[in-house]
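Asks: the following block contains a protein sequence and its predicted model.
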Amino acid sequence: MHALALIALVTLQADDTLAWPMAEGFTTAFHEESPNGSAIEERVAKGETVEAWTRMITRITFPAPVDPMLFSTRMAERWQQACPGAVASPASRGPRGVDVRIDCPRNPTTGQAETMFQRVVPASGKLYILQVAFRSVPTDVQASWAKAELDRATLCRAGAVETACR
């Protein structure tokens with residue numbers, strides 16, 4: 001009986017998806033999926049591109065069960081290595097995933113400041129990485145907007161009743 005319950009649970013969780021509505025004034029500028037289940041979608045403000053943007057919203061799907069805290073910590077470490085003077089908040093686990101903020105005072109590639117708010121959401125057998133980035137040091141209002149955008153994402157499991165999941 002336990003084996004059947006486990007199979008049913010795994011089957012239900014295999015349908016996990018992440019609903020993340022488009023931010024007002026944004027459009028999808030890049031989307032790519034691979035046969036292994038990984039995917040990336042980059043959203044920018046209308047009129048901007050993935051090369052020339054002021055705000056970017058990114059959703060990445062990794063088809064591997066990776067610890068979200070470890071992923072967030074390693075991402076922060078890589079940013080700090082790639083960007084001299086970068087500062088990362090400690091990764092914090094919350095009810096919606098693991099959050100981290102990374103501030104790069106001057107991206108060596110663009111010469112501009114970059115700040116990223118990231119949430120890593122574990123799902124059955126995969127990770128969703130959600131990012132809201134600015135090519136500037138965000139104001140308090142912009143930082144609040146970024147966090148609110150991350151909060152609009154909803155992990156939908158089979159049988160979910162949340163409006164975003166229907």
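Replies: Received, thanks.
Asks: and the closest residue to A123 other than its chain neighbours, what is it in contact with?
Replies: Take A123 and drop its neighbours on the chain: the residue closest to it by Cβ to Cβ, 6 or more residues apart in numbering is D16, 3.9 Å away. Quick note: C-beta positions are derived from backbone N, CA and C, even for glycine. D16 sits next to A123, S124, K126, L155, C156, R157, A158 when contact means Cβ atoms under 8 Å, 6 or more residues apart in numbering.
Asks: could you give me the average pLDDT of stretch 16-23?
Replies: The average pLDDT for stretch 16-23 rounds to 93.
Asks: what about that stretch, how long is it end to end?
Replies: 22 Å (Cα to Cα, to the nearest Å).
Asks: and for stretch 42-57?
Replies: End to end - Cα to Cα - stretch 42-57 spans 6 Å.
Asks: and if you look at stretch 31-44?
Replies: OK, stretch 31-44 end separation, Cα to Cα: 12 Å.
Asks: and the contacts of that stretch?
Replies: Identification of contacts with stretch 31-44 by Cβ under 8 Å, 6+ apart yields 22-23, 26-30, 50, 53, 55-63, 126.
Asks: before we move on, what about stretch 86-99?
Replies: By Cβ under 8 Å, 6+ apart, the list of residues contacting stretch 86-99 reads 68-69, 71-73, 76-77, 79-80, 100-105, 117-122, 128, 130, 150-151, 153, 155.
Asks: cool, stretch 50-57 as well?
Replies: Contacts for stretch 50-57 (Cβ under 8 Å, 6+ apart): 23, 26, 29-30, 42-45, 48, 130-136, 149.
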